[in-house]
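Q: Got a predicted structure plus its sequence, pasted below:
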Amino acid sequence: MAKVLLKDIGQHVGQEVTIRGWLYNHRSSGKIQFLIIRDGTGFIQGVMVKNDVGEEVFSLAQGLTQETSLEVTGHVKEDDRSPWGYELAISGFEIIARAEDYPISLKEHGVDFLLDHRHLWMRTPRQVAIMRVRDSIIRAIRQWLHDNGFCLIDAPILTPAACEGTTTLFETDYFGEKAYLSQSGQLYMEAAAMALGRVYCFGPTFRAEKSKTRRHLIEFWMMEPEMAFVEHDENMDIQEELVKYVISQILEHHKQDLAALERDVSRLEKIPNMKFARITYDEAIDFLREKGHDIKWGDDFGAPDETALASHHEGPVFVEGFPAHIKAFYMKPHADRPDIVLAADLLAPEGYGEIIGGSQRLDDLDLLLKRIKEHKLPQQAFEWYLDLRRYGSVPHSGFGIGLERLVAWICGLDHLREAIPFPRLLNRIYP
Ligand code: NSS
């Protein structure tokens, strides 16, 4: 008997097949039972008729519990009324292993309960859809970068110094010396860009953020492209192209998953054909003050500010030209206005906030040294980074895409905790 995966079931209509999976749901009405089975690649409803399978098999099936693993044999039929398109007329089954008292039922559970059971919560259709979209977002980003001449360079996780400010560092002991979990691979990408031109890294990054918001994770994944000879405006052009490509790929290949997530795709569908708005930080502050926000020039945006800015536009919006003192040490100041830097954040629409942070980097040795001192960073740990300015420094730019922020936006999730398989949150490192 052919053992098939549910994703391929359409190729076996009219045949007798065996599927292996887990019992997702079960109901019975008299002489007929309905078993919804999932195998990770899809779902199917199996129909078991007492007269077809006999008394013994039928009553054994009646005792089946949710998430019991099974091998089920049956005849594949097309079924227009089924959300999965097919049905299995069951002729027999075998239990692989029973599941007793599965904690996650099909009713609603509280978030803390679900997070405590993340290892099981993953099995539910909504979480499966999110993980599939996440996988495709990663693939689309890699594909676009590969097609556009970027070389993957892996950055280290254990680092000797801060990249994104010293307040969110995770410290660890490195054989008697202090080391930190990486906040960003950027500085290493700058070295690699001087070697290979266009590079990117993709890996986990760590921020000991004390803030408990729906947009922050302690451990998150970031894609960080870095490009030699690319300046601020072109940096934004590249980000825009990349985001459009990712959205179009997901819309093309994940209609069903987005439908399972009840994502209204009408806003997403416009993105590949629109021009992203670009506003300055100065304009953003004026706009927010007009709207009555309690903010002044020099302040960083809070989540409500980002939401207000983005909701004013149909698509994503770049905010550029931030005050130097609220941004990282490595950003290049504006030529005519040294109080602002050539940095841009890309804000997603629909209240999803900042998905990309990028900038042109400081390529002048003396200025960079001055900034390292101003930020009270240990110069010695940055000597290698300063070397990049000593030996053939060139203009260069890059950006970091927060993967989970992108997943949350595209999938329409309220909170980043669903956008990553095993979220690390303030006060949560289990499971
Ligand atoms: O801090 S960033 O704004 N920028 C950097 O780390 C640069 N070194 C990137 C670069 O130019 N190579 O973070 C970049 C993005 C930001 O826009 C968010 O989308 C995401 O990373 N991000 C986060 N996601 C989840 N949780 C937390 N805590 C978080 N912090 C940043």
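A: Yep, that arrived. Predicted, not measured: the structure shown is a model, and the values here were computed from it.
Q: residues in this protein within reach of the ligand, list them.
A: 163-164, 184, 186, 207, 209, 216-217, 220, 222, 224, 354-358, 398-400, 402, 404-405, 416 (Cβ under 6 Å from any ligand atom). Bear in mind the C-beta positions are built from the backbone N, C-alpha and C, glycine included.
Q: Downstream of the worst-scoring helix or strand of the chain on mean pLDDT, the next helix or strand is which one?
A: Ranked by mean pLDDT, DSSP states H and E, the helix or strand of the chain with the weakest confidence is helix 303-311, at a mean of 92. Following helix 303-311 in sequence order, the next helix or strand is strand 317-320 (DSSP states H and E).
Q: Give me the next element, helix or strand, following that next one.
A: Next in line after strand 317-320, if elements are assigned by DSSP H and E, sits strand 343-348.
Q: For that following strand, the averaged confidence score.
A: On average, the pLDDT along strand 343-348 is 98.
Q: so what strands line up beside it?
A: Strand 343-348 sits in its sheet next to strand 317-320 (antiparallel), strand 353-360 (antiparallel), going by DSSP bridges.
Q: can the ones you listed go into JSON lines with extra columns for mean pLDDT and mean neighbour count?
A: Formatted as JSON lines, those follow (pLDDT from 0 to 100; neighbours: other Cβ atoms under 10 Å):
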{"stretch": "strand 317-320", "mean pLDDT": "98", "mean neighbour count": "23"}
{"stretch": "strand 353-360", "mean pLDDT": "97", "mean neighbour count": "23"}
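Q: What is the burial count for the closest residue to Lys7 other than its chain neighbours?
A: Once flanking residues are discounted, Lys7 sits nearest to Thr41: 3.8 Å by Cβ to Cβ, 6 or more residues apart in numbering. By the criterion of other Cβ atoms under 10 Å, Thr41 has 15 neighbours.
Q: Just send the strands paired with strand 343-348 back as TSV, with distance to Gly54 too.
A: Supplementary listing: these in TSV, determined by distance: least, Cβ to Cβ, whole Å:
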stretch	distance to Gly54
strand 317-320	65
strand 353-360	57
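Q: Gly10: which of the ones you listed is closest?
A: The minimum distance between Gly10 and the strands paired with strand 343-348 falls on strand 353-360, with 35.6 Å, by Cβ to Cβ.
Q: in whichever helix or strand comes after that closest one, what's buried?
A: Toward the C-terminus, strand 353-360 is succeeded by helix 365-374 as the next helix or strand (DSSP H and E). Using 16 or more other Cβ atoms under 10 Å as the test for burial, helix 365-374 gives Leu368, Arg371, Ile372.
Q: How far does helix 365-374 sit from its chain's centre?
A: 34 Å (Cα atoms, centre = their mean, to the nearest Å).
Q: measure Glu209 to Phe422 for me?
A: 17 Å (Cβ to Cβ, to the nearest Å).
Q: Check which helices and strands the longest strand seen in the chain sits against.
A: Identified as the longest strand of the chain according to DSSP state E is strand 16-29. Secondary-structure packing of strand 16-29 (3 or more Cβ pairs under 8 Å, 6 or more residues apart in numbering; DSSP states H and E): strand 2-3, strand 32-38, strand 69-78, strand 86-97.
Q: Partner strands of the first one and their direction?
A: Based on DSSP bridges, the pairing partners of strand 2-3 within the sheet are strand 16-29 (parallel).
Q: Then the third one?
A: According to DSSP bridges, strand 69-78 forms sheet pairs with strand 16-29 (antiparallel), strand 86-97 (antiparallel).
Q: With distance to Glu350, mean pLDDT and mean neighbour count added, can I get these in TSV?
A: Formatted as TSV, those follow (distance: least, Cβ to Cβ, whole Å; pLDDT from 0 to 100; neighbours: other Cβ atoms under 10 Å):
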stretch	distance to Glu350	mean pLDDT	mean neighbour count
strand 16-29	31	96	17
strand 86-97	35	98	17
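Q: Export those strands as JSON lines, with columns for distance to Lys50.
A: Putting these into JSON lines (distance: least, Cβ to Cβ, whole Å) gives the following:
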{"stretch": "strand 16-29", "distance to Lys50": "10"}
{"stretch": "strand 86-97", "distance to Lys50": "11"}
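Q: still on that earlier bit, which members of the residues of the chain next to the ligand are positioned in strands?
A: When strands are assigned by DSSP E, the members of those inside them are Phe220, Met222, Glu224, Glu354, Ile355, Ile356, Gly357, Gly358, Gly398, Phe399, Gly400, Gly402.
Q: how about those residues, which pair is most distant?
A: Phe220 and Gly398 (17.4 Å).
Q: what about those two, which has more around it?
A: Neighbours per residue (other Cβ under 10 Å) separate Phe220 from Gly398, with Gly398 holding more: 29 against 20.
Q: residue contacts, that one?
A: Counting by Cβ atoms under 8 Å, 6 or more residues apart in numbering, Gly398 touches Gln186, Met189, Glu190, Ala193, Glu224, Pro225, Glu226, Met227, Asn235, Gly358, Ser359, Arg361.
Q: mind listing the strands for the stretch 101-250 of the chain?
A: Remark: strands assigned in the stretch 101-250 of the chain by DSSP state E, counting those that start in this stretch are 151-152, 158-159, 171-174, 177-181, 198-206, 219-228.
Q: Tabulate those strands in a markdown table, adding columns for distance to Trp384 and mean pLDDT.
A: Converted to a markdown table, the strands of the stretch 101-250 of the chain look like this (distance: least, Cβ to Cβ, whole Å; pLDDT from 0 to 100):
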| stretch | distance to Trp384 | mean pLDDT |
| --- | --- | --- |
| strand 151-152 | 20 | 98 |
| strand 158-159 | 11 | 97 |
| strand 171-174 | 16 | 97 |
| strand 177-181 | 15 | 96 |
| strand 198-206 | 16 | 98 |
| strand 219-228 | 15 | 98 |
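Q: got the end-to-end distance for stretch 32-51?
A: Stretch 32-51 has an end-to-end distance of 9 Å (Cα to Cα, to the nearest Å).
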